[in-house]
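Asks: what would the 3D arrangement of this be:
(chains A and B)
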Amino acid sequence: MNEKELIEQLHSIKVKPDEEWEKRTIRLLGITVKTQQGANKKLRSYYINLAYKNIMGAIITLIVAVLLAGGTAVASDAARPGDLFYPVDTFMEQVQRSFTSDPQALADLEINIMQERVREMEQLQTENNMGGLENALGEMNAQAERIQERVEALNQLREENKIQTQDQQQIMQKLQDQLQAHLEVMNQVQNQLQEKSGEDTEKAQQQLQQVQTSFQQGLQESINQFQNETGVQLEFNNEEQQQNQGTEDQIQNQNQNQNQVNPTDSNGNSNGTSNQNGGN
Amino acid sequence: MNKAKLESQKDLEDIFTALNRQIYSYVFLRTGYSKEIAEDLTQEVFLRVWEKRKGFNSKRGNIKTWVYRIARNLVIDEYRKKKDILNLNNYEGEGRGIEEETMINEMQSYVLKKLTKLTDSEQELISLYYIEELEVKEVAEIVNKSYDATKMAINRALHKLKDLCNE
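Replies: Reported below is the predicted structural model:
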């Protein structure tokens, strides 16, 4: 077989499908197109409905979220330890911390949060909620430690000349002002607790005493250290100085009372809180 | 077959009428000469043509080579799935002869039997160029090769087939 004959043979091969198959396939294609077009219409209609529902759902969700967020924020801000919304409150504070990178701003934030803790403690005492008060005092201790950490960080930055003394001074001044106010509140709470009785009250009194000591020994020492290292004397207004003096007297009185409540502490050593820091 | 649009049932029917015999023949010759497989796969080709109609771009080629490429991909997929069933070398052992399926004569049957001895790509080139009688340019577009390379490959495959037929 030569090339030409082979090509003729190949050209002559005609493979044809059945006519019946051709008709059947045309019908099948027609059905497919119609079905798909119908399905597409239904699908389009479905998606339009879905989109409409989603948009409406999104709007409603947004409204609810705004209302809830506002409500939750208000509710959580007013929450006290042990309340339903209290974890939201602390979570929001944690979020604030996460978004605050400037060391001074962070120290300022912790001081503001402490104000919130003290307010919570005061309210719980007024409501005679001793369980909540214990939690609040625990939170105050933790917050005092956070402030100390922030102050130490600022000290470090100041030593490395990364921040100016004046910049830290503003924070330390605020801390001192707040500390005096907090100590005054704590004294008032302590006085009110002394008028009450019960195991829970006694426990709260002891815990409050520890917090007061922690404030005096921890935070006040941080302030003293700053003044000693920089030579800066933080200002006191007269009223605050008077309050401070009154506070110290009250703490002394409370310590004496405490010693009476706890005879095992009456060896004279534990009453040195105000003596150690009273020179400010 | 210069239809540039494929939007309606009528468009699809026109394309089917114009191309179904060529596509059927191509699929039949590429899938072990089985009428059933060729019918099923050819139907599938035109269903895919409809499904993929939005992917057709008349600027990149004509609709004929586009449909052939769909058929080619489907054959390759099917071959991968059912390798043993579509083994072209089994052609001679099949009970039902190609003559019965295609009403071809003895000499044509002999050539087709020899055709199965070529490689897949050689069989494809012979099928497209000599049996389906497409132009070299169209074949090149379907097999995704250059015009010159395709022309040379077609000639080589023909010489090989001639040698096989004269053994």
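
Asks: for A:Glu3, give me the pLDDT.
Replies: Listed pLDDT for A:Glu3 reads 91.

Asks: separation between B:Val136 and B:Ser146?
Replies: Distance of B:Val136 to B:Ser146, computed by Cβ to Cβ, to the nearest Å: 10 Å. (Each C-beta comes from the backbone N, C-alpha and C, glycine too.)

Asks: same question, A:Glu122
Replies: In terms of Cβ to Cβ, A:Glu122 sits 88 Å off from B:Ser146.

Asks: circling back: who has more neighbours, B:Val136 and B:Ser146?
Replies: For B:Val136 and B:Ser146, the more surrounded residue by other Cβ atoms under 10 Å in any protein chain shown is B:Val136, and the numbers stand at 15 against 9.

Asks: OK, contacts around that one?
Replies: B:Tyr129, B:Tyr147, B:Thr150, B:Lys151, B:Ile154 (Cβ atoms under 8 Å, 6 or more residues apart in numbering or on different chains).

Asks: what's the most distant pair in those residues?
Replies: Farthest pair in the contacts of B:Val136 (Cβ to Cβ) is B:Tyr129 and B:Tyr147. Separation: 12.4 Å.

Asks: higher neighbour count, those two?
Replies: The neighbour comparison of B:Tyr129 against B:Tyr147 (other Cβ under 10 Å) goes to B:Tyr129, with 23 against 13.

Asks: tell me the pLDDT of that one.
Replies: On pLDDT, B:Tyr129 comes in at 96.

Asks: please look at it and B:Lys137 and confirm they touch.
Replies: No: the pair B:Tyr129 / B:Lys137 is not scored as a contact, 10.9 Å apart, by Cβ atoms under 8 Å.

Asks: in whichever strand or helix holds B:Met152, what counts as buried?
Replies: B:Met152 is part of helix B:147-165 when elements are defined by DSSP states H and E. Within helix B:147-165, the residues scored as buried using 16 or more other Cβ atoms under 10 Å in any protein chain shown are B:Thr150, B:Lys151, B:Ala153, B:Ile154, B:Ala157, B:Leu158, B:Lys160, B:Leu161, B:Lys162, B:Leu164, B:Cys165.

Asks: can you narrow those to ones near chain A?
Replies: Intersecting the buried residues of helix B:147-165 with the contacts of chain A gives B:Leu158, B:Leu161, B:Lys162, B:Cys165 (criterion: Cβ under 8 Å from any Cβ of the partner chain).

Asks: any chance of TSV for those residues, columns distance to B:Lys81?
Replies: Shown next, in TSV, are these (distance: Cβ to Cβ, whole Å):
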residue	distance to B:Lys81
B:Leu158	31
B:Leu161	28
B:Lys162	33
B:Cys165	32
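
Asks: tell me what the helix holding B:Met152 is packed against?
Replies: helix A:3-12, helix B:106-115, helix B:120-126, helix B:136-143 (3 or more Cβ pairs under 8 Å, 6 or more residues apart in numbering or on different chains; DSSP states H and E).

Asks: measure how far the second one is from the centre of its chain, please.
Replies: On the basis of Cα atoms, centre = their mean, to the nearest Å, helix B:106-115 sits 17 Å off its chain's mean C-alpha point.

Asks: now for it, which elements pack on it?
Replies: helix A:3-12, helix B:98-102, helix B:147-165.

Asks: and it with helix A:3-12, angle?
Replies: Relative orientation of helix B:106-115 versus helix A:3-12 (axes from the mean of the first three to the mean of the last three Cα atoms, to 10 degrees): 100 degrees.

Asks: in helix B:106-115, what's buried?
Replies: By 16+ other Cβ under 10 Å, the buried positions in helix B:106-115 come out as B:Gln108, B:Ser109, B:Val111, B:Leu112, B:Lys113, B:Lys114, B:Leu115.
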